[in-house]
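Colleague: I would like to see how this sequence folds:
(one chain, ligands or ions: 1)
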Amino acid sequence: MVTFLAGGTGTPKLLAGAGEVFDPTETTVVANTGDDVELGGHLVCPDVDTVLFSEGGVLDTDRWWGIDGDTTETDDELHRLADAAGLDAGPRYLPDHAQTTGRDIARWRRFSGVAEFMEIGDRDRAVHITRTSLLDEGHTLTEVTRTLADAFGLDVSLLPMSDDPVATLVHTDEGTMHFQEYWVHRRAEPQVRDVEFRGADDAHLTDAVADALSDPVVVGPSNPVTSIGPMLALDGFADALEATPVVAVSPFVEDTVFSGPAADLMRGVGYDASTAGVADAYPFADAFVLDDADGTDLDCPVVRTDTRIDGPDDAARVARAVEAALAEVT
Ligand code: GDP
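Modeller: Coordinates of the predicted model:
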């Protein structure tokens, strides 16, 4: 058995070829939910969904989110309607009092659906409606995710990191905003001062996640701050990682990031934006997989390979390096 920790890009890419090395029926994926938003009343779980769609074989791999070939008629109409009604496009983050009412899972991540600021495809939206409706029927996010994983035919077990809300809020020079506003709407332009995981103090590890963390853990190439950070903010998560073998794949080649805002976020919370900074952020890691071109000197076993993942063959190569690194620490 092996457990992968996933954000929305690096680990799903790795998983796309990891089945060559790790039996999918013995693989658990714990997905970050700090990025989740409730948009127009529907809970969107971007990192859970990318794994759902990728492992289900329907992911739009050009954008690395959403369903391949999806239409956007509802999204288009929401924009047309807002425009015709003279409503500002937003993102329309709801006022503080509205953030703590209604569904607990929506706390501090609740946006109006007027001119929705994240483009949600029509088929994608069906997932969010089903998820939210099952939550309203009384199921936990863990149960709902299992139901959706069955519907998409997943072989791996997919778990949200918690059934409780943890909202990733970015404190910037232009004020505090939800991570999705910072990333999707502002394209990581505001300067990061700090990152807060609101709700983490009251959020719990689920039994399923606690179980999964007793197996060897692979931290796939991830944003250490906004994908792994929310997990580490949960009481007991880091302790569980200390107690089990952990291999991490760097999302950097020395100080160059493959994609996304990881460098700005790392600097914003006081880490070096580099593989060395990732190692500082992951004191529980027992071994690392680094790129051939990454000469960072680490105080633990390192397996090097070409860590760029552009398809299943690359993913299988990196997965073999992960297997070799795990062999050194188990
Ligand atoms: P999210 O999309 O923000 O949820 O991002 P993730 O947590 O999945 O992390 C994205 C990280 O993966 C970025 O910091 C990238 O540098 C890294 N990444 C993206 N593609 C690759 C790749 O092909 N190889 C490696 N090693 N890292 C990658």
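Colleague: use CA for all of it now, contacts and neighbours both
Modeller: Fine.
Colleague: list the helices and strands the helix or strand encompassing residue 144 packs on?
Modeller: Using DSSP states H and E, residue 144 sits within helix 141-151. When contacts are defined as 3 or more C-alpha pairs under 8 Å, 6 or more residues apart in numbering; DSSP states H and E, helix 141-151 packs onto helix 46-55, helix 122-136, strand 157-160.
Colleague: buried ones in it?
Modeller: Neighbour counts over helix 141-151 (16 or more other C-alpha atoms under 10 Å) mark 141-146, 148-150 as buried.
Colleague: hang on, residue 90 packs against residue 118?
Modeller: No: here residue 90 does not reach residue 118: they are 10.3 Å apart, not a contact under C-alpha atoms under 8 Å.
Colleague: Can you pull the residues of this structure lying near the ligand?
Modeller: 7-11, 47, 221-223, 227, 250-252, 257-260, 262, 307-309 (C-alpha under 6 Å from any ligand atom).
Colleague: ok, residues contacting stretch 29-39?
Modeller: Stretch 29-39 is contacted by residues 3-7, 43-48, 51, 106, 109-113, 116, 156-162, 165-168, 179-180, 197, 209, 226-228, 230-231 when judged by C-alpha atoms under 8 Å, 6 or more residues apart in numbering.
Colleague: Those in strands, which ones?
Modeller: 3-6, 43-44, 110-111, 157-160, 167-168, 197 (DSSP state E).
Colleague: From those, pick the one nearest the ligand.
Modeller: residue 6 (6.3 Å; C-alpha to the nearest ligand atom).
Colleague: residue contacts, the closest residue to residue 219 other than its chain neighbours?
Modeller: The shortest distance from residue 219 to any non-neighbouring residue, by C-alpha to C-alpha, 6 or more residues apart in numbering, is to residue 248 (4.5 Å). Listed by C-alpha under 8 Å, 6+ apart, the contact set of residue 248 reads 218-221, 285, 287-289.
Colleague: Recalculate using a threshold of 7 Å.
Modeller: 218-220, 285, 287-289 (C-alpha atoms under 7 Å, 6 or more residues apart in numbering).
Colleague: element containing it?
Modeller: strand 246-249.
Colleague: so how far is that strand off the chain centroid?
Modeller: 16 Å (C-alpha atoms, centre = their mean, to the nearest Å).
Colleague: residues making contact with the very next helix or strand once past that strand?
Modeller: Next along the chain after strand 246-249, taking DSSP H and E as the criterion, comes strand 252-253. Strand 252-253 is contacted from outside by 258, 274-275, 291, 293-294, using C-alpha under 7 Å, 6+ apart.
Colleague: Buried residues in stretch 16-25, which are they?
Modeller: 16-22, 24.
Colleague: need the helices for this structure, in chain order.
Modeller: 10-18, 46-55, 73-84, 96-99, 122-136, 141-151, 179-180, 207-212, 229-232, 237-242, 262-268, 275-281, 312-329 (DSSP state H).
Colleague: who wins for proximity to residue 298 among these?
Modeller: With C-alpha to C-alpha as the measure, helix 275-281 is the member of the helices of the chain nearest residue 298 (7.5 Å).
Colleague: what comes up buried for the closest one?
Modeller: Quick answer for helix 275-281 (16+ other C-alpha under 10 Å): 275-279, 281.
Colleague: what's the burial count for residue 95?
Modeller: If you count neighbours by other C-alpha atoms under 10 Å, residue 95 ends up with 11.
Colleague: nope, residue 69 is what I meant
Modeller: There are 11 residues near residue 69, going by other C-alpha under 10 Å.
Colleague: For it, give me the backbone phi and psi.
Modeller: Taking degrees, to the nearest 10, you get phi 80, psi 10 for the backbone angles of residue 69.
Colleague: which residues sit against the helix holding residue 144?
Modeller: Residues contacting helix 141-151 (C-alpha under 7 Å, 6+ apart): 52, 131, 134-135, 158-160, 163.
Colleague: Inside strands: which ones of the contacts of residue 248?
Modeller: 218-219, 287-289.
Colleague: out of the residues you listed, which are buried?
Modeller: 218-219, 287-289.
Colleague: Is it possible to get a markdown table of those residues that adds pLDDT?
Modeller: Formatted as a markdown table, these follow (pLDDT from 0 to 100):
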| residue | pLDDT |
| --- | --- |
| 218 | 98 |
| 219 | 98 |
| 287 | 98 |
| 288 | 98 |
| 289 | 98 |
